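No letters, just coordinates:
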C-alpha cells in the first residue's frame, strides 16, 4: 500500500458521521463540502447498512459500490450490515486533515491497508492471520502510529460462498482478530494454534472484524494516536466483559466527561455468549432458528450503548470471536478535547 | 371475580423470579417449596417465553397451560413472548403471603381479575376499553390498593385470528392500555375517541398490555402499595420517553439505591418509534420485512435495561401503544427495603 | 418514450435467460456476444434477485444498477426479489433482433415504456392506474402489438418508504395491475373504484406487477405477438385459479407440446389466498410473523411450476392483487416453434 | 413395546386426516365419533404443526401434549413443524380397525414402537442407528408386516439443546434414517460408517425422520401391507430424485388412478440440494440467513405435491438426510381401492 514514513502535514484524522437514507444514499457527501473538506482526503468509509448483516446481505455491497464511486480514489470501505433495534444506518468517514495549529500533538491518525486476496482454502486459517498481521503493522508504520497507541483496528474480511457460509463468517472474523492481536502484541504467535482451534479466551481488546461477500481481500483501517498529528480528536477503548457490561463503558464515559471531552463516535463488537448464558441466565440467541445470533447480539448491545451515549448512529458490529472475551467485545469511543 | 374488601392477613405480595429451561418447564416450582410457600397462594404467573412474541407464538400457550396445570386453582397467567437479545426466559410468580410482622405497612399487594370474553367485533374498541377499565377498578378494590398507588397494571388480551392479525395485536394492546389509564385517572373518558383514532400522545404511565392467541378475555394483574399489607416489597415506576432513555431509569435506580433497596424485578414496555426515527435519527424497525418491529424493540430496550440493572431475566414486552409516550414506554421496578 | 409506428426490421423479440451468481453478477453478458447480439439491442432486463422481495430488499437495486450500467442506453429493468425454495437467481434479457427470414410472422415483439414519476400521494390510487394504462397503450402502439395480442404486461412500480411500507407494495401492485387491465380492455373504467376499494374479483389475466424501493416511476415491459415480427418465439398465457392449480398450467403445456414447442421461459404471479384458506383448507401464510406472506407464496407456486416445466430459473413474483383471481395468478409461457 | 405375533381381528389400518385450527386444537376428534371409532384404537397421531419446524418450534410440543391427552393410552405422536407455503396444519390419525369382511387381504397395517432414551452423546451416532433399527424390526414383527412390505417408516427423534442445535436436528434425522434402511435391508451394516461420515448416496426409500425438542427417545410408526389385514387401504412409494421431480410422483399417481384408487394421504420428505444447485441451477436455500433451509425446502416441495394431488393438508417434512438421494426424498401415497 502507500508507505509514508515521513511525517506529513495532513496526518490528523477527522471523523465525520453521515446519516444515510438507504444503502446507496451518498447525498450526505455535501457535508464534506460544507466543512471545506476535499473528498479525495477521505481514507476510509465505515458504514452500518440496513441488511441482515449475514451471508445474503447485499446492502453492504450496494453501499460499498456507491461510496467508492462517490469518493473515488483509493478509499477503503468497511461496510457492516445489520441495524437491528435502535441502530441508525450511517457512514463514518475517516478523513486526513491538515494539523490544527492550536491543538496539541498526539491526535488520532488513520492507517489503512489492504491485504492480498485471501483464497477460500486460507480463510479462517493461519495464512489469513498472518496476512492481517502484516497489513496492520504496515498500516501503523505508514501512519506513524505506534502499535501501543492503536485504539481501533477494523478489518473487513471475506467469507465462503459455498458450504457453511454463515459459519465461515465467524472463522474469517476470528482469523482477522488474531492477526490484529498478533500485530499489536496482545497475542503471542504460540497462542494462534490454540485460538484457531477454538480457545476464545485469547483475544484482542481493539480488534473489530466484520465479514462480507463483497470483498476478497482484507480491508484494514486503524485509528490510533500519533505524535505527528496535531489536533483535538482522541480515542479510548475498553472491553465489555459480557453483553450487559454497562459498567466498563460508563467508566470510560466518566473519564472522557471529566476531561471535558465531547463524544464523536462509538465502535463496538457484540456476540451471543457461546456458553448459552449470561451471568448464569440462559439466553436464546443460539437456538432461535428464525433470527441469526449476530442479529440478536447487535440489537441488544446497541440498545445498551445507544442508551449510554444518547446516540443511535453508532457502529455496533456482530460476531466478536477473539475480539474481547467470549460473550463480550471491545468498545472504542472517539472523542474531542475541549478547545 | 373475587371481592375481598375486608383486609386479610395475606395481602402482602411476594415476587419470585424463576428461570425456565423451556416454555413448559415448571420444574422451578420446587423453589416455592424451598421457601415454604403453598402453590395455592400463587395469584399470577407473569412469563417471558421464547417464541417470536407475535401472532404465531405458541410458546405462550404452552407455558400458560403448563403453569396453570402446575399451580392450579384460579391463577392468572400473563405470558409475553419474545426473549430477543439478552433476555432470559423466566416466569415471575406473584404470591400472596402473610404479613411480615417486623416490616412497615404500605407493602406491595396483588390485584387480579379477568374480564368477560372480548368478541372479535369489540376488539380494539371502546367495549374492550371499558371491560378493562372495570376489571382494573375491581381488582384494585378487592386488593385494597388505592388507584393512585398502582405501580404496574398488566393486561393479557386477545387478538384476531383472521384478517390483519399482527395489526390486531396492537389495537388490542391499545384498548387495554386505555382501559387502564381510564381506571387510574390518567386518561379522561373524553380522550378515548381520539386515542382510539390514533392519538398516541394519550397514555398511561403504568400500563403494560400484551396480546396473545391463547386468551379470549383480558387477564388483569395489578401491583400496587396497600396500607393493609405489611412487608418490605415496594415498586417505583418511571416512563422512558424514547427507546434509549437511560436517564429516566438511572434516576429511579439511584433513588432506590439511596434508600438501600435491592432490586427484585423489572417490568417494561418497548416499541419502535412510530415516526421512524429516534432523536432525529432514522431507525429501520418498521421497514424490516424479515423481523417484526416488536422483536427489534424488545431486543434493544431489554439490552439497555439488562445492562442498567445487571440482570437478564427481566420482563420486557413489545408494543407500547398508549403505554408511555410514542416510542417510549413505562418501566416499573420492584424492590425490597433493607431489613 | 420511443414511438416507432413504422415497422422496423428488428421488431422480433429474443428472450435470453442468464443465470447469475449474485445480484451484481453481469458476467453472463458474454452470452450475448456468443450469440452475436449487440448489447445495445437489449430493451429490458427482467430479473429474479435473491433478497427477501419485500421492503428492505436491496438486491433489486444492486442488480438494477449493475445491469443498467452493463447494458447501457435506455434499457428498462424489472427486478423482482425473492428466490425462495427452488427458484434460481437469473435475469431474462428481452432483445430486439432482426427478423428470422425463414420463420412465420406473428412472432413475439417487445414493448417498453416508463411512466411519469408517481408521487407518494398518488401511489395505489387512480392517478397511478391511469399512468400505467397510458404507458401500456403507448408501449403496445410503439411495438405494433395489438392490445388483444399482449401475452405479458410487466410493471415495476414504486412503494412508500414511510408509514405502512409493506402494505404500500400491495397497493402499488394493485394500481399497476388495474392500469394494465384497463389498457387491455379486461377491466372497465367503471370498475376501478370498486377494485381500488378492495374487490379483487376484478383482474387482468396477463398483468405482472412488482414493487420496489429502487424506482419512482413505473417501468412497463410488454410481450405480445405482432404481425410485423417474423420469428419463432410465441407466448401462451393462462390463469392459475389458486396456488395449487396445476391443471391450468398442464393444459397450456400440453398445447405447446402438441405444437412441437420448446419452452423458453415462464412468468408467473403468486399470492397467499386472502381468505386464509385454499380449497377449504386453512393456510398459515398470513399469520406467520417470521416470514412474509409473499415469500411463502413464491416458494410454493415456484415449487409447482418448476416441477411442471423442469426448470428453476423461472420468474415467479409475489403479490398478485388484481393479477388473476384472489389466491391465484397469471402464468405466461414463452416458447419456440419448431423449425 | 407390545408384541402381538398372533393375528388379531383389528390389524387393519384406517388413516384419517383431521384439519386443525391451531397446534392445540383437538376438536376434530369428534370425527372419530362420527365414524363410530373408539379413540382408544388410535395408535399414532402424525401431525403438521404451524411452527418454524426448527429448534425453537414449540407448536410440536403443544400439539403432542394436546393429542396425547385427548387420545390417551399408549398413542405415539410424530409432530412435524412447518406449514410453509400452501401446507395446511392437520393431523393424520392411524387407527386399528376391525377387518373389512368384503375387502381383500394385504391391506395396510400399523406398526408402532418407541426406542430407549437416546443420550446426547449417542445422538446422530451408531447407537441411535441401532436403536432405531431394532425398534423398526420389532414394530414390523408385532404388526405382522413383512419388512419388504413397509411403505412408510416414520421416526420422531430428539435433538441437542446446546451447541449446534440446528445441526443436531440433521444428524439425528440421519441416524434414524440409517436405522430404518438397515432394518429394511436397503442399507448394509458396512455402509453405516461411511454414511455417518457424510455419504448421502446411502439412503432409504421409505424413511421419514423428523427431529424435535419434545422427545428424548425415537418414536417409530410403520405403515405396510399385511397378509393379516383385510381392507381397502394400500400405499405406494416412490423417490423424488430432486426437489422438482414431478415425474416420479406423476407416475405413481397414474398407477393409482389406473387401479381406480382414491388418494387418502401423502407423506413426503424434502431438503435443499446440498450441492447448492438443482439440475445445474444455483438455489439460495443454504445461503439465506433469514430463512432456514428446511423451511425453503418444505414450501417448495409441498407446493409441487399439493398441486399434483389437489390437496394441501399433506405431510411434507423438511430435512431428508439418507431419506432418498441428496436433494430428493421419499414420497408415500396412501390410497383406497375402489369397492
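Received, thanks. None of these values were measured; they are calculated from a predicted model.

Give me the helices and strands touching the helix or strand in which residue A:43 is found, please.
When elements are defined using DSSP states H and E, residue A:43 is found to belong to strand A:42-49. The contact analysis (3 or more CB pairs under 8 Å, 6 or more residues apart in numbering or on different chains; DSSP states H and E) places strand A:42-49 against helix A:59-71, strand A:76-81, strand A:90-97, strand A:105-117, strand A:217-230, strand A:315-318. Every residue, glycine included, has its C-beta placed from N, CA and C.

Try it again at 6 Å.
The criterion is 3 or more CB pairs under 6 Å, 6 or more residues apart in numbering or on different chains; DSSP states H and E, and the helices and strands that strand A:42-49 contacts are helix A:59-71, strand A:76-81, strand A:90-97, strand A:105-117.

The first one near chain B anywhere?
No - applying CB under 6 Å from any CB of the partner chain, one finds helix A:59-71 separated from chain B by no less than 10.1 Å.

Within its sheet, name the partner strands of the strand holding residue A:43 and how each one runs.
strand A:76-81 (parallel), strand A:90-97 (antiparallel) (DSSP bridges).

and those as JSON lines, adding mean neighbour count and distance to residue C:250?
Rendered in JSON lines, the data for these read as follows (neighbours: other CB atoms under 10 Å in any protein chain shown; distance: least, CB to CB, whole Å):
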{"stretch": "strand A:76-81", "mean neighbour count": "28", "distance to residue C:250": "42"}
{"stretch": "strand A:90-97", "mean neighbour count": "24", "distance to residue C:250": "52"}
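
Can you say which of these is nearest to residue D:320?
For the strands paired with strand A:42-49, the distance to residue D:320 is smallest for strand A:76-81, at 31.4 Å, taking CB to CB.

from the middle of its chain, how far away would that closest one be?
The chain centroid and the centroid of strand A:76-81 are separated by 9 Å, computed with CA atoms, centre = their mean, to the nearest Å.

Quick one: mean pLDDT for it?
Mean pLDDT, taken over the full extent of strand A:76-81, equals 96.

For whichever residue of the stretch 151-300 of chain A sits closest to chain B, list the residues it contacts.
For the stretch 151-300 of chain A, the nearest residue to chain B under the criterion CB to the nearest CB is residue A:300, separated by 2.9 Å. Under the criterion of CB atoms under 6 Å, 6 or more residues apart in numbering or on different chains, the neighbours of residue A:300 are A:243, B:85-86, B:299, B:303.

Filter those down to the ones in helices?
Those of the contacts of residue A:300 mapping onto helices are B:299, B:303, per DSSP state H.

Could you dump the contacts of residue A:300 into TSV and include distance to chain C and neighbour count?
Compiled in TSV, the contacts of residue A:300 are given as follows (distance: CB to the nearest CB, whole Å; neighbours: other CB atoms under 10 Å in any protein chain shown):
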residue	distance to chain C	neighbour count
A:243	23	28
B:85	16	38
B:86	20	37
B:299	15	34
B:303	21	35
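
In the contacts of residue A:300, find the pair that's most separated.
Greatest spatial distance among the contacts of residue A:300 (CB to CB): A:243 and B:299, at 11.0 Å.

Might you enumerate the residues of chain A proximal to chain C?
Of all the residues in chain A, those in contact range of chain C (CB under 6 Å from any CB) are A:23, A:58-59, A:61-62, A:290.

want to throw those into TSV with pLDDT?
Below are the residues of chain A next to chain C laid out as TSV (pLDDT from 0 to 100):
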residue	pLDDT
A:23	97
A:58	96
A:59	97
A:61	96
A:62	97
A:290	95
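
what's the residue in the stretch 151-300 of chain A that chain C sits nearest to in contact with, if anything?
For the stretch 151-300 of chain A, the residue positioned closest to chain C under CB to the nearest CB is residue A:290, at a distance of 4.3 Å. Applying CB under 6 Å, 6+ apart to residue A:290 gives the contacts C:290, D:52.

Now do the SS call for it.
Three-state call for residue A:290 (DSSP: H, G, I helix; E, B strand; the rest coil): coil.

ok, residue A:113 touching residue A:139?
Yes - contact criterion CB atoms under 6 Å: residue A:113 and residue A:139 qualify, at 3.9 Å.

could you pull out the strands for chain A?
Per DSSP state E, chain A carries strands over the ranges A:12-19, A:42-49, A:76-81, A:90-97, A:105-117, A:150-157, A:207-211, A:217-230, A:233-240, A:262-270, A:277-278, A:281-282, A:315-318, A:329-336.

which of those strands is buried the deepest?
Across the strands of chain A, the average number of neighbours (mean count of other CB atoms under 10 Å in any protein chain shown) peaks for strand A:207-211, which reaches a mean of 31.

Show me which residues of the stretch 201-339 of chain A are close to chain D?
Residues of the stretch 201-339 of chain A lying near chain D by CB under 6 Å from any CB: A:276, A:287-290, A:292.

Make CSV from the helices and strands packed on strand A:42-49 and add distance to residue B:79 to it.
Listed next are those as CSV, based on distance: least, CB to CB, whole Å:
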stretch, distance to residue B:79
helix A:59-71, 35
strand A:76-81, 33
strand A:90-97, 37
strand A:105-117, 50
